[in-house]
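S.K.: Okay, here's the prediction I keep looking at, along with the sequence it came from:
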Amino acid sequence: MVPSGAELIERLRRRVVGRDGELEVVVAALAAGRHLLVEGPPGTGKSTILRAVAEETGTGFEFVEGNAELTPARLVGSFDPAAVLSEGYVPEVFTDGPLLRALRAGSLLYIEEINRIPEETLNVLITVMSEGEVHVPRLGAVHAATGFRLVAAMNPFDAVGTARIAGAVYDRCCRLAVDYQGAQDEATIVATAAPDACGRLGPDGLRRVVELVRSTRDHPDVRTGSSVRGAVDMTLVADELAPLRGCGPGDDRVTLDAALLALSGRIRVREGSGRRAEDVIRELWERQRHEVSPGEADPGGGKG
């Protein structure tokens, strides 16, 4: 049984942190029968929102990872060559791809990073959004069952490996832009993902980790900063590294190496800056370290 609108939103709020408005408009768009495109930086909860909505409404969910290898055949499906030799091109020897499975079942077809897929595959999706069906050679037309929706997520165009999405896609769906959540929401996400480590780190230590990660997004030499996943990893690594070095997880002997390990692969430095990711992280770490007053207690147990 599908919950009422108010009950559904309440359930979703328990699963998704700090996205009340976004959850409401996603639910409204899908209830209105619209296709949906969610656009925002990595790690902003795009997949989490869409998966939560599908699960809480009991809607089927077909997941597709968008990349350059996603051909129309992989998306739609194909005939089994061996079976065709013996039985011919009959429907029984056709293996449905995720698109046809979603069409037949009236499910959500979720495509992650849609702006990484080839243009010919994107054209198939445009036809489906326009006509509510797809025509497969030798198989015929497959019509969308009630409930079918295309929901897609994409990173901003300037992210590595992305391409511009054709206006025909935007014209056939609703678009929701999401950005990073607030500092308190991100701290809640980290505390939920790593409760024991955050308990040992302490509230102030957690605040400093989140602030350090968020500062990577505003640095002039950084093209793309770290998502909240970087804060989760930094917290977990610091928690494991601390006892090896005989100190607390908020100690300077721990936090720099934890930050370098967790964040250096997540940030993208601007071309021409002449700097490495490690240089930027060290700079931000040093800046934060000097902002702490000398008399402030060291979070996570102090040195020694």
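M.R.: Thanks, I have it. Since this is a predicted model, take the numbers as computed values, not measurements.

S.K.: The nearest residue to residue 149 once chain neighbours are set aside pairs with what?
M.R.: For residue 149, ignoring the flanking residues on the chain, the nearest one in space by Cβ to Cβ, 6 or more residues apart in numbering is residue 108 at 5.2 Å. Quick note: C-beta positions are derived from backbone N, CA and C, even for glycine. Beta-bridge pairing of residue 108, defined through DSSP bridges, involves residue 61, residue 149.

S.K.: how about stretch 13-22 as CSV, C-alpha atoms only?
M.R.: Taking Å, rounded to 0.1, in the frame of the first residue of the first chain, the C-alpha atoms of stretch 13-22 are listed here in CSV:
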residue,chain,number,x,y,z
ARG,A,13,12.8,12.7,5.9
ARG,A,14,13.9,9.9,8.2
ARG,A,15,16.1,8.5,5.5
VAL,A,16,17.4,11.6,3.8
VAL,A,17,19.1,14.4,5.8
GLY,A,18,18.4,18.0,5.0
ARG,A,19,16.5,17.6,1.8
ASP,A,20,12.9,18.4,2.8
GLY,A,21,12.1,20.7,-0.1
GLU,A,22,13.8,18.5,-2.6
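
S.K.: quick one: buried residues of it?
M.R.: Neighbour-count burial for stretch 13-22, with 16 or more other Cβ atoms under 10 Å as criterion, is recorded at 16, 17, 18, 19, 22.

S.K.: Pull the residues that contact it.
M.R.: Contacts with stretch 13-22, where a contact means Cβ atoms under 8 Å, 6 or more residues apart in numbering, come from 9, 23, 45, 48-49, 52, 56, 176, 178, 181-182, 184-185, 188-189, 192.

S.K.: Pull out the buried residues from these.
M.R.: Those of those that meet the buried threshold are 23, 45, 49, 52, 56, 176, 178, 181, 185, 188, 189, by 16+ other Cβ under 10 Å.

S.K.: ok but residue 218 is inside a strand, no?
M.R.: No. Looking at residue 218 with DSSP: H, G, I helix; E, B strand; the rest coil, it is coil, so not inside a strand.

S.K.: Look up the closest residue to it, ignoring the ones flanking it.
M.R.: residue 225 (7.3 Å).

S.K.: Quick one: residues contacting the one you found.
M.R.: 213, 214, 216, 217, 218, 219, 266, 267.

S.K.: can you confirm residue 83 is in a helix?
M.R.: Yes. Applying three-state DSSP, one finds residue 83 inside a helix.

S.K.: mind listing what's buried in stretch 233-250?
M.R.: Judged by neighbour count using 16+ other Cβ under 10 Å, the buried positions of stretch 233-250 are 233-239, 241-242, 247-250.

S.K.: got TSV for these, with pLDDT too?
M.R.: Written out in TSV, the entries for the buried residues of stretch 233-250 read as follows (pLDDT from 0 to 100):
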residue	pLDDT
233	98
234	98
235	98
236	98
237	98
238	98
239	97
241	97
242	97
247	96
248	95
249	96
250	95
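
S.K.: Could you identify the most distant pair in these?
M.R.: Spatial extent of the buried residues of stretch 233-250 (Cβ to Cβ) is set by the pair 233 and 247 at 19.3 Å.

S.K.: All the strands of the stretch 201-304 of the chain, residue numbers only.
M.R.: Along the stretch 201-304 of the chain, the segments classed as strands by DSSP state E, counting those that start in this stretch run 222-224, 268-269.

S.K.: I'd like to know which elements the longest helix seen in the chain is packed against.
M.R.: Longest helix in the chain by number of residues (criterion: DSSP state H): helix 228-245. Under the contact definition 3 or more Cβ pairs under 8 Å, 6 or more residues apart in numbering; DSSP states H and E, helix 228-245 sits against helix 183-193, helix 195-201, helix 203-215, helix 252-263.
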